[in-house]
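Trainee: coords please:
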Amino acid sequence: MLLKIGFRNILRNGRRSAITGLAVAVGAVALLVFGAFQAYIFAGLQTQAVQRAGHLTVFRDGYFLYGAGNPAAYGIDDYQQVMATIAADPVLKPLINVMTPTLTLYGIAGNFEGENDAAKTFFGVGVIPSDRERMRQWDEYGASRPYVPDMRLADNDDTRGILGAGLARILNLCAPLKVANCPAPPAAKPDPAPTQQQDFSDLVRNDITSAADPDAKMPRIDLLAATAGGAPNVVSLYVSGAEPQSVKEVDDNYVGMHLALAQQLLYGRGEHKVTGIVLQLHRSEDMAAARARLVALFKQKGLDLEIRDFADLTPEYAQILNFFRAIFLFIAVIMGVIVLFAVVNTMTMTVMERTNEIGTTRAMGVRRSGIRRQFLLEGSLLGAIGATLGVLLAAVIALAVNHFGLSWTPPGNANPVPLRLYLFNGGPLILGTWLGLVLVATIAALIPANRAAKLPVVDALRHV
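Mentor: Reported below is the predicted structural model:
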């Protein structure tokens, strides 16, 4: 009966109640649409990080903090045995999608094949191409663009590699690699004191045995680095393509190559090691369990290794998450204040219009708590109706955006990806928004409800 009376009272002034409910609905739509976009951003960031660096990476202890200065000194000894130990573990085996070794190194890349010689420091990553391809197919949340196989690296050819588009531009390889949006460099000023040009050709002939040119059309560059023993070493890399990177500093320095070529450059004729063992899991939910098991396994085997997850390796991931959470909180506060004032105004007007009715009800024996309960229920109903309408409108918007096939380039991506709203993937978002707005509407009705409950019966009866 109380609920029925509450609905009737709301409909007594339908226009005012509709405006208040619409204000609540707008608040719900704003929170749900942005929350769904935020969930999509989080899924996209995680997908990009996991495709590139896996969920977990095993390093030699100390590499994460100090290895960038001397990667060769922090190589993992007998890494193949470590990988075999991980692969044989009954707990980890069903969790792992891809396990692959990687090698990070630094050096100087030079192009001395054309008329305009150029050299640049580089950041190199040695990978196993087939494992790299399998990792790029991971898409647990459906936040990635359709996968296109990359044939520029091959397991059976360790002489081929790729460059960041910026590094290709710096090394004057835009034309042979067909790099888009690559202007010609300005004319160089003549050197007043020319010196004899020195390239890496002698070191190449003396220090390595390179495979024959797999494709005469591929440009060749020379990579110079210091080996683990401190001696200079040079290898030739045939560039099969340029791949834009999301950050300019990385784009201007990135070289991707076969693991075997990276090991040859960094370790020469010595023992070949790797700087990391990447583990990509089937599900992100298993990351904590896999990490705990790896820690226990390494401790049991006495291995001097540490585990880092993708959030440790990409600090911007946590920064972007915190940024979007702060924006969501800001929007939630604004929408909450709007709903609060809208409901307070509506319920205050309702109390003023029904003062005689309140006096009559009190004279018939209804207690103050009953009056207070009645107005609180009406405020809750306004919030519930508005929040429900907002959920329905947000669902329509999300379906429309997901259906239209829109695309955009989010932070951390070099290429456009589909634009989606993950509204239906987040049950807590919908339920939390609905309950939050109903709670705010109920709290807003508390002040007018207290005022109505405290009206003296005699004054309320003679109110005009």
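
Trainee: Show me the shaky parts of the stretch 1-150 of the chain.
Mentor: Low-confidence segments of the stretch 1-150 of the chain (pLDDT under 70): 1-2, 6-7, 114-115.

Trainee: tally of neighbours for residue 96?
Mentor: 19 (other Cβ atoms under 10 Å). From N, CA and C alone the C-beta is placed, and that goes for glycine too.

Trainee: what's the answer for residue 228, then?
Mentor: Residue 228 has 17 neighbours, counted by other Cβ under 10 Å.

Trainee: Do you know the pLDDT at it?
Mentor: Residue 228 carries a pLDDT value of 80.

Trainee: Doesn't it belong to a helix?
Mentor: No: using DSSP: H, G, I helix; E, B strand; the rest coil, the assignment for residue 228 is coil, not a helix.

Trainee: Any figure for the gap between the spatially closest residue to it that is not a sequence neighbour and residue 265?
Mentor: Excluding the flanking residues, the one nearest residue 228 by Cβ to Cβ, 6 or more residues apart in numbering is residue 72, at 3.7 Å. Using Cβ to Cβ, to the nearest Å, one gets 10 Å for the distance from residue 72 to residue 265.

Trainee: buried residues in stretch 138-154?
Mentor: Of the residues in stretch 138-154, 138, 140-141, 143-144, 153 count as buried by neighbour count, 16 or more other Cβ atoms under 10 Å.

Trainee: got JSON lines for these, with secondary structure too?
Mentor: Output for these, formatted as JSON lines (three-state DSSP):
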{"residue": "138", "secondary structure": "coil"}
{"residue": "140", "secondary structure": "coil"}
{"residue": "141", "secondary structure": "coil"}
{"residue": "143", "secondary structure": "coil"}
{"residue": "144", "secondary structure": "coil"}
{"residue": "153", "secondary structure": "coil"}
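
Trainee: which among those residues gets closest to residue 232?
Mentor: Nearest to residue 232 among the buried residues of stretch 138-154, counting by Cβ to Cβ, is residue 153 at 25.6 Å.

Trainee: Taking the buried residues of stretch 138-154 together, which two end up most distant?
Mentor: The span of these, defined through Cβ to Cβ, is set by 141 and 153 at 26.2 Å.

Trainee: for the protein, which strand is longest?
Mentor: Ranked by residue count and defined by DSSP state E, the top strand of the chain is strand 96-111.

Trainee: Which residue lies closest in space to residue 416, excluding its sequence neighbours?
Mentor: Nearest one to residue 416, counting by Cβ to Cβ, 6+ apart, is residue 407 at 4.3 Å.

Trainee: Reformat the buried residues of stretch 138-154 as CSV; add distance to residue 400.
Mentor: Shown next, in CSV, are the buried residues of stretch 138-154 (distance: Cβ to Cβ, whole Å):
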residue, distance to residue 400
138, 28
140, 25
141, 20
143, 19
144, 22
153, 40
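
Trainee: Just the CA atoms of stretch 269-277, as CSV, please.
Mentor: These are the backbone C-alpha positions of stretch 269-277, laid out as CSV (Å, rounded to 0.1, in the frame of the first residue of the first chain):
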residue,chain,number,x,y,z
ARG,A,269,81.3,-16.6,-30.1
GLY,A,270,80.6,-16.8,-26.4
GLU,A,271,77.7,-18.5,-24.6
HIS,A,272,74.4,-17.3,-26.0
LYS,A,273,72.0,-16.0,-23.3
VAL,A,274,68.7,-14.1,-23.2
THR,A,275,67.7,-11.1,-21.0
GLY,A,276,64.1,-12.3,-20.5
ILE,A,277,61.7,-15.2,-20.7
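
Trainee: how about the strands of the stretch 201-350 of the chain, start to end?
Mentor: For the stretch 201-350 of the chain, the strands defined by DSSP state E, counting those that start in this stretch cover 220-226, 232-243, 254-258, 276-281, 305-309.

Trainee: for the stretch 351-464 of the chain, what are the low-confidence residue spans?
Mentor: Looking at the stretch 351-464 of the chain by pLDDT under 70, you get 411-415, 426, 458-460, 462-464.

Trainee: let's go with 90 and repeat that
Mentor: 351-381, 402-420, 423-428, 442, 444-464 (pLDDT under 90).

Trainee: tell me which residues in stretch 325-342 are buried?
Mentor: 328, 331-332, 335-336, 338-340, 342.

Trainee: typo on my end, stretch 345-361
Mentor: Neighbour counts over stretch 345-361 (16+ other Cβ under 10 Å) mark 345-348, 350-351, 354-355, 358-359, 361 as buried.

Trainee: Tell me which of the residues you listed fall in helices.
Mentor: Counting by DSSP state H, the buried residues of stretch 345-361 place 345-348, 350-351, 355, 358-359, 361 in helices.

Trainee: Which single one of those residues is nearest to residue 446?
Mentor: Distances from residue 446 to those, taken by Cβ to Cβ, are shortest for residue 347, at 9.0 Å.

Trainee: which ones are touching the closest one?
Mentor: The neighbourhood of residue 347, defined by Cβ atoms under 8 Å, 6 or more residues apart in numbering, consists of 375, 378-379, 444-445, 447-449.

Trainee: mind redoing it with 7 Å?
Mentor: 375, 378-379, 445, 448 (Cβ atoms under 7 Å, 6 or more residues apart in numbering).

Trainee: Farthest-apart pair in these, please.
Mentor: Using Cβ to Cβ, the two most remote members of these are 378 and 448, lying 9.5 Å apart.

Trainee: before we move on, back to that, next, format the strands of the stretch 201-350 of the chain as CSV and append distance to residue 365 and mean neighbour count.
Mentor: Supplementary listing: those in CSV, determined by distance: least, Cβ to Cβ, whole Å; neighbours: other Cβ atoms under 10 Å:
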stretch, distance to residue 365, mean neighbour count
strand 220-226, 92, 21
strand 232-243, 80, 22
strand 254-258, 81, 25
strand 276-281, 66, 25
strand 305-309, 65, 19
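
Trainee: Looking at those, spot the one closest to residue 23.
Mentor: Nearest to residue 23 among these is strand 305-309 (42.6 Å), distances taken as Cβ to Cβ.

Trainee: what are the pairing partners of the closest one, and which direction each?
Mentor: Applying DSSP bridges to the sheet, strand 305-309 is found paired with strand 56-60 (antiparallel).

Trainee: Direction-wise, compare the strand it pairs with with strand 276-281 and give the angle.
Mentor: Calculated by axes from the mean of the first three to the mean of the last three Cα atoms, to 10 degrees, strand 56-60 forms an angle of 160 degrees with strand 276-281.

Trainee: what about strand 56-60, distance to the chain center?
Mentor: 20 Å (Cα atoms, centre = their mean, to the nearest Å).

Trainee: which residues touch that strand?
Mentor: By Cβ under 7 Å, 6+ apart, strand 56-60 touches 67, 74-76, 275-279, 287, 290-291, 294, 304-309, 313.

Trainee: now the contacts of residue 347 in a markdown table, with distance to residue 257?
Mentor: Below are those laid out as a markdown table (distance: Cβ to Cβ, whole Å):
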| residue | distance to residue 257 |
| --- | --- |
| 375 | 72 |
| 378 | 70 |
| 379 | 66 |
| 445 | 67 |
| 448 | 71 |
